[in-house]
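[1] structure for the following, please:
(3 chains)
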Amino acid sequence: MRAGSPSCAPRGASPLPVVGFLAAAALLAAVPAFVQSPYALHVMVLLFLAIIQGESWNVLGGYTGQYSVGHAAYFGVGAYVTLMLLQFRQVPPWWGAWAAVLLAVVLGLVVGSITFRLRGPYFVLASIAVAEIVRLVVQNWKSVTNGAEGILVTEVPALRIGGHLVTDFTGKVPFYYAGLGLAAVTVAVNWAVQHSKLGYYFQAIREDQDAAHSLGISLARYKNVALAISAFFTAWSGAFYGIYVGFVDPNLLAVDVSVQIVLICIIGGIGTILGPVLGALVLVPLSEALRSNLIAEGLFSLGLSPTSRTGLFLKENLAQAHVLIYGILVVVVILYMPDGVLGFVKNLARRRAAARGAAAAATGGAA
Amino acid sequence: MTEFLQSLISGVLVGGAYALIGIGLTIIFGVMRIINFAHGDLLMVGTYITYFAFTLLGIDPFLSIVISIPLMFLLGAFLQKVFINRVLNALPQNQILLTIGLGLVMSNTVMMLFTSDYRILTTSYSSSSVRMGGLSISTPLVLSFLVTAVITAFLYWFLLKTDTGQAIRATAQDREAAQLMGIDVKRMSVLATGMGSALAGTAGALILPTYYTFPQVGSTYTLKAFVIVVLGGMGSVIGATLGGLVVGVAESLASYFTSSDLKELFVFVLFLVVLLFRPAGLLGKSRM
Amino acid sequence: MAAPVLEIKQVSKFFGGLAANANVSFSMEEGMIMGLIGPNGAGKTTLFNCITGYYPPSRGEILFKGRRMNGLQPDQVCKLGMARTWQKVRPLAKMTVLDNVMVGALARTNSLRVARQAAMEQLGVVRLAQRAGALAGGLPIGERKRLEVARVLATRPEILLLDEVMGGLNPAESEEIIQLILELKRGGLTQMVIEHDMKAIMRISDRIVVLNSGEKLAEGLPAEIVSNRDVVTAYLGEGFE
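    Down below sits the predicted model:
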């Protein structure tokens, strides 16, 4: 039984996943009380971001089988519109983000209505083309978006509710909780979708579009619903990222951002809820280790001379190598683990169980 | 009027190189039914080979094709044997993801080795032009078109008249039937990828004297290649030839009428339009 | 005579220059079983595809309970009460048997609980209940066919179109399907059955339509069809009497 399919949805919701989820959320909520290091909190924020992106993509790609390699468009729109409204119109981000997300969903619906008639790889191509079009528009519409220079946030207003200061967005902690909250919501929505009629219909579309169509499933409607949900949360991750980092530029809409999002899902295991979490747990530390030269340092401590040609080369270039590593990861995962880590582990477990069963049958006859 | 005509003609001449890219992509698709998203990056590798052949060895870009063709062929064959061959029966989405990954590896390896600096290749005749009937046409473009014409002619001869060429076409038409007739389809796949890569690399070599290169230039050309191939029909060599010319002219005229920033945008929009309305290409067929 | 529940009125379907269906006309009454036979390439599946909205007919009309169905999408056709199985089975491979049927049941309800009950019921009808937890993709062909029938029955159709549902089955399995079809008829379901198994068609059909090269060659009772010279010739070629 695959964890992702409704087939593993227990009759009525079993308490275990819900309890596990709440326990994890509670644990994570307690972390900032014990962990003060801004860098550690920063990595957690990146982790949450990756989880949100992965879970969002999963709804369209994993469940419904429509592989979009253009999700950077929704991420970028989320980030850009939020920051544009904040920086140019002084709209606080907690309102601006809603406008951004709404716009992203509308964009998604427009895109979907045009491209969903395409199948398989052609849909992939169209999604890439659309994202590139959005990127080029953002890059060239200088009067509105500042073009290639990007937008720098000069001040984020403090969040006040009823006169009370909730946060002034200094330090990592407010972003930690915002990220955790968003990630929790996204995972919960994913779970809810999976255990609903939507989940069944999405998976039917993925498995056999024509059969699904003949069983009363409107392909257009359900694909668009999947895309709307997916774009909604991806755009939220973009809005969040924009405020966190405080700067956006057209590179946020580039293909490698889209590839990164896909990677989070396929590394962990497409079509599952845990998959994107696992993928995030692999990618974010890896990416940070590269950026902060941890890997180079590690190799040096193992005896590689820092002044050797290799050493120098690593020191200078490993930081930029993360896209290269992503590319290698994509290749490795597709070739050796197309079902992701989760699928790989499951297959292993299944094979071992089958082997044990065969061995038992071979050695002992009577039960 | 002169400028318009010049723009038109430049478009046709550039279209020749574009045709090569398109033909390469369409052969790969035709034989393996795989959409090679790394095609533009192969072109990029070709430009770098040409660039270094010129700056380090002093070989003229139009002559170094003799070196880049076999090198690119080997690269393509290698990619097919080691990577692409393994996903021939996988989900099409996974196949395209694999080629995307390979493309990223290629472009980022080049970036790490050679930095992101733009590379410009200037020969003695880079800025000279040929006068034809009152029109002034860039010399590199003319040379590139001549080379393209020769290569295309050779390609057509190869595909139509030689046994291997016909075997490739048979594999493209019906893989199983070809196998039953004794054709080594695995070898055909390797050949096709090698040829496709060689053509992409050659296109790169031809484009370099006119345009600059940098590690990420591949993605633009990949999408251009797709516009060309989808216009002409996936798998049709004639279609790709025509498609290349059409895209070359369309692009040239677009930048004549608007700014060249929007040129790229135009190509993507054109791509979407063609994908949506004529997925079988203007010729309406997919065969070689 | 009651109003026909399904009317095929001069339906033609062209693919380029090829007429896959040419001027086919017949009608069906409620509760009957219509056999649709003809040599390979006669246009039987094409007709099914037109009826269920996979593509619209090029000419002619399809009326379901008096309502024009031309141009409706497959999901709309299903919701209105016509459902079909596929010549090449199409299980939702990575989902379980139960979930497959639930997808069908969800056409009539939004509640997973209700859908699950309905699905188990249909699995009972086709006698696959014990396989509810198995992955559909791993089933042998006989069970896959039964699964597809259960799944389509879960959409509660008024007219069921079966496309070579006995193809690839052994005699015992075919017999089970025949019994199922007859039982469904007793329950009031209208059915159109494409089949190559002549004995089966003779047993179950109230009436038979014969297609050949896209055209309707003959229509009538089983006994009439089997002694129709044109039909025999169509199947066996000239020279057989």
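[2] these two touch, right, B:Val230 and B:Val274?
    Yes - counting by C-beta atoms under 8 Å, B:Val230 touches B:Val274, with 5.0 Å between them. C-beta here means a position set from N, CA and C on the backbone, and glycine is covered the same way.
[3] buried residues in stretch A:29-39?
    A:Pro32 (16 or more other C-beta atoms under 10 Å in any protein chain shown).
[4] burial of the residue in the stretch 1-150 of chain B that chain C sits nearest to, as a residue count?
    Here the stretch 1-150 of chain B gets closest to chain C at one residue, B:Leu91, 11.8 Å apart by C-beta to the nearest C-beta. By other C-beta atoms under 10 Å in any protein chain shown, the residues close to B:Leu91 number 15.
[5] which positions in chain B make contact with chain A?
    Counting by C-beta under 8 Å from any C-beta of the partner chain, the residues of chain B close to chain A are B:35, B:83, B:86-87, B:90-98, B:100-105, B:108-109, B:111-112, B:219, B:223, B:226, B:261-262, B:264-265, B:268-269, B:271-272, B:275-276, B:279.
[6] compute the number of surrounding residues for the residue nearest to B:Ile228 when sequence neighbours are not counted.
    Spatially, and ignoring its direct neighbours in sequence, B:Ile228 is nearest to B:Gly22 (3.4 Å; C-beta to C-beta, 6 or more residues apart in numbering or on different chains). A count of neighbours around B:Gly22, defined by other C-beta under 10 Å, yields 35.
[7] quick one: contacts for B:Gly22?
    Applying C-beta atoms under 8 Å, 6 or more residues apart in numbering or on different chains to B:Gly22 gives the contacts B:225, B:228-229, B:232, B:240-241, B:243-244, B:247.
[8] dump these into TSV; add secondary structure and neighbour count as well.
    Below are the contacts of B:Gly22 laid out as TSV (DSSP: H, G, I helix; E, B strand; the rest coil; neighbours: other C-beta atoms under 10 Å in any protein chain shown):
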residue	secondary structure	neighbour count
B:Ala225	helix	32
B:Ile228	helix	32
B:Val229	helix	32
B:Gly232	helix	30
B:Ala240	helix	34
B:Thr241	helix	24
B:Gly243	helix	32
B:Gly244	helix	31
B:Val247	helix	27
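[9] so can I have CSV of the residues you listed showing distance to A:Phe175 and pLDDT?
    Below are the contacts of B:Gly22 laid out as CSV (distance: C-beta to C-beta, whole Å; pLDDT from 0 to 100):
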residue, distance to A:Phe175, pLDDT
B:Ala225, 42, 88
B:Ile228, 46, 86
B:Val229, 45, 85
B:Gly232, 50, 80
B:Ala240, 50, 90
B:Thr241, 54, 92
B:Gly243, 49, 89
B:Gly244, 49, 91
B:Val247, 46, 87
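[10] just curious, which of the residues you listed is nearest to B:Met1?
    B:Val247 (23.4 Å; C-beta to C-beta).
[11] still on that earlier bit, looking at B:Val230 and B:Val274 now, which is surrounded by more residues?
    More crowded of B:Val230 and B:Val274, by other C-beta under 10 Å: B:Val230, with 29 against 22.
[12] still on that earlier bit, hang on, the residue nearest to B:Ile228 is in a helix, isn't it?
    Yes - counting by DSSP: H, G, I helix; E, B strand; the rest coil, B:Gly22 is part of a helix.
[13] how much space between it and C:Arg151?
    As judged by C-beta to C-beta, to the nearest Å, B:Gly22 and C:Arg151 stand 44 Å apart.
[14] one more: B:Ile183?
    From B:Ile183 over to C:Arg151 the distance is 41 Å, taken as C-beta to C-beta.
[15] of the two, who's got more company?
    C:Arg151 (31 against 19).
[16] which members of the contacts of B:Gly22 are the farthest-apart pair?
    Greatest spatial distance in these: B:Ala225 and B:Thr241, 12.9 Å, computed using C-beta to C-beta.
[17] one step back: filter the residues of chain B next to chain A down to the buried ones, ChimeraX style.
    Those of the residues of chain B next to chain A that count as buried under 16+ other C-beta under 10 Å are selected in ChimeraX with:
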select /B:35,83,87,92,93,94,95,96,97,98,100,101,102,103,104,105,108,109,111,112,219,223,226,262,264,265,268,269,271,272,275
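[18] B:Asp60 contacts B:Phe54, correct?
    Yes - in this structure B:Asp60 lies within contact range of B:Phe54 using C-beta under 8 Å: 7.1 Å.
[19] intersection of neighbour lists for these two?
    B:Thr123.
[20] circling back: which one of the contacts of B:Gly22 is nearest chain C?
    Among these, and counting by C-beta to the nearest C-beta, the member closest to chain C is B:Gly232, at 20.3 Å.
[21] tell me, how many residues neighbour the nearest residue to that closest one once chain neighbours are set aside?
    Excluding the flanking residues, the one nearest B:Gly232 by C-beta to C-beta, 6+ apart is B:Gly239, at 2.5 Å. By other C-beta under 10 Å, 28 other residues sit near B:Gly239.
[22] what do you get for B:Ala192?
    Neighbourhood size, B:Ala192 [other C-beta under 10 Å]: 25.
[23] hey, C-alpha coordinates of the host helix or strand of it in CSV?
    Counting by DSSP states H and E, the element that carries B:Ala192 is helix B:185-207. Extracted C-alpha coordinates of helix B:185-207, given in CSV (Å, rounded to 0.1, in the frame of the first residue of the first chain):
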residue,chain,number,x,y,z
VAL,B,185,17.5,0.0,-32.2
LYS,B,186,19.8,0.6,-29.3
ARG,B,187,22.6,1.5,-31.7
MET,B,188,20.2,3.8,-33.6
SER,B,189,19.3,5.6,-30.4
VAL,B,190,23.0,6.2,-29.7
LEU,B,191,23.5,7.4,-33.2
ALA,B,192,20.5,9.6,-33.1
THR,B,193,21.6,11.3,-29.9
GLY,B,194,25.1,11.6,-31.2
MET,B,195,23.9,13.2,-34.4
GLY,B,196,21.5,15.5,-32.5
SER,B,197,24.3,16.6,-30.2
ALA,B,198,26.7,17.2,-33.1
LEU,B,199,24.1,19.3,-34.9
ALA,B,200,23.4,21.3,-31.8
GLY,B,201,27.1,21.8,-31.3
THR,B,202,27.6,22.8,-34.9
ALA,B,203,24.7,25.3,-34.6
GLY,B,204,26.5,26.8,-31.6
ALA,B,205,29.7,27.1,-33.6
LEU,B,206,27.9,28.9,-36.4
ILE,B,207,26.1,31.2,-34.0
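[24] buried set for that helix?
    B:185, B:188-207.
[25] check what pLDDT A:His195 gets.
    We have a pLDDT of 91 for A:His195.
[26] what's the burial count for it?
    By other C-beta under 10 Å, 18 other residues sit near A:His195.
[27] surely the residue nearest to B:Gly232 touches B:Val227?
    No - using C-beta under 8 Å, B:Gly239 is not in contact with B:Val227, being 12.0 Å away.
[28] what distance do you get for A:Thr145 to A:Asp249?
    9 Å.
[29] and for those two, which residues touch both?
    Looking at what touches both A:Thr145 and A:Asp249 (by C-beta under 8 Å, 6+ apart), the common residues are A:Ile151.
[30] report the contact partners of the residue of the stretch 1-150 of chain B closest to chain C.
    A:120, A:338.
[31] repeat the analysis, applying 10 Å as the threshold.
    The contact partners of B:Leu91, taken as C-beta atoms under 10 Å, 6 or more residues apart in numbering or on different chains, are A:65, A:67, A:120-121, A:334, A:338, B:97.
[32] do the same with A:Ala158
    Applying C-beta under 10 Å, 6+ apart to A:Ala158 gives the contacts A:92, A:165-170.
[33] check C:Ala119 too.
    Contact partners of C:Ala119, counting by C-beta under 10 Å, 6+ apart, are C:97-106, C:112, C:129, C:132, C:150-151, C:153-154.
[34] mind doing that once more with 6 Å?
    When the contact criterion is C-beta atoms under 6 Å, 6 or more residues apart in numbering or on different chains, the partners of C:Ala119 are C:98, C:101-102, C:105, C:154.
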